[in-house]
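Chemist: Mind looking at a prediction? Sequence and model below.
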Amino acid sequence: MKLFLLALFIVVSSCKTNKNYIGQYVNVKPSKQEFKSFKTKSSLYITNSKLSLNKDSTYLYKSCGLLSYGNWIFNNDSIILKPKKVFSMSDSINPIKNDLENYTFRFKALESDNVLVGKVKDLEKPGTYLMNKFVLED
């Protein structure tokens, strides 16, 4: 019985919830190891981006060329951003209507709840990805 209770305690205490990830994130340069482990076929990464994960499971993502909002979910070890609308910053009035699937982003949550790392399709170079690493703002 003690062993069962100990196992149950370990499982329950190791579960993560959405609350661990709520907040404002800014992006930083990924490490060389992160480029290797994500197999991007490129050393390019996204800069000047911000990501807001809200309590109500909505998000707002801004980069130098893109504005996206929708819902986010935590699945296994990843945060998945599912867009409702995506805008090009060069045309912020008319949303991008085609291929919203290309703008569904997945970020791996690292050991620390404060770091999200992912790769994003480079839409100009098929088969190539750009790294995107976020850290929680203080």
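Modeler: Ah, there it is.

Chemist: Quick one: residues in contact with stretch 50-60.
Modeler: Residues outside stretch 50-60 that contact it (CB atoms under 8 Å, 6 or more residues apart in numbering): 18-19, 21-27, 61-63, 67-73, 79, 81, 116, 134. The way it works is simple: take the backbone N, C-alpha and C, and place the C-beta from them, glycine included.

Chemist: go on, stretch 36-49?
Modeler: Stretch 36-49 has contacts (CB under 8 Å, 6+ apart) with 26-27, 29-30, 35, 61-64, 117-120, 122, 125, 127-134.

Chemist: picking that back up, just the buried ones among the contacts of stretch 50-60, please.
Modeler: In those, burial by neighbour count holds for 21-23, 25, 27, 61-63, 67-70, 72, 79, 81, 116, 134, counting by 16 or more other CB atoms under 10 Å.

Chemist: hang on, the earlier thing: filter the contacts of stretch 50-60 down to just the ones in strands.
Modeler: Using DSSP state E to define strands, the subset of those located there is 23-27, 61-62, 67-73, 79, 81, 116, 134.

Chemist: where does this protein have low pLDDT?
Modeler: Applying pLDDT under 70 to the chain flags residues 1-19, 92, 113.

Chemist: sec struct for the most centrally placed residue in the chain, please.
Modeler: Among the residues of the chain, residue 107 comes closest to the average C-alpha position under CA atoms, centre = their mean, at 3.5 Å. Using DSSP: H, G, I helix; E, B strand; the rest coil, the structure places residue 107 in strand.

Chemist: Check the gap between residue 30 and residue 38 for me.
Modeler: Here residue 30 is placed at a distance of 8 Å from residue 38 (CB to CB, to the nearest Å).
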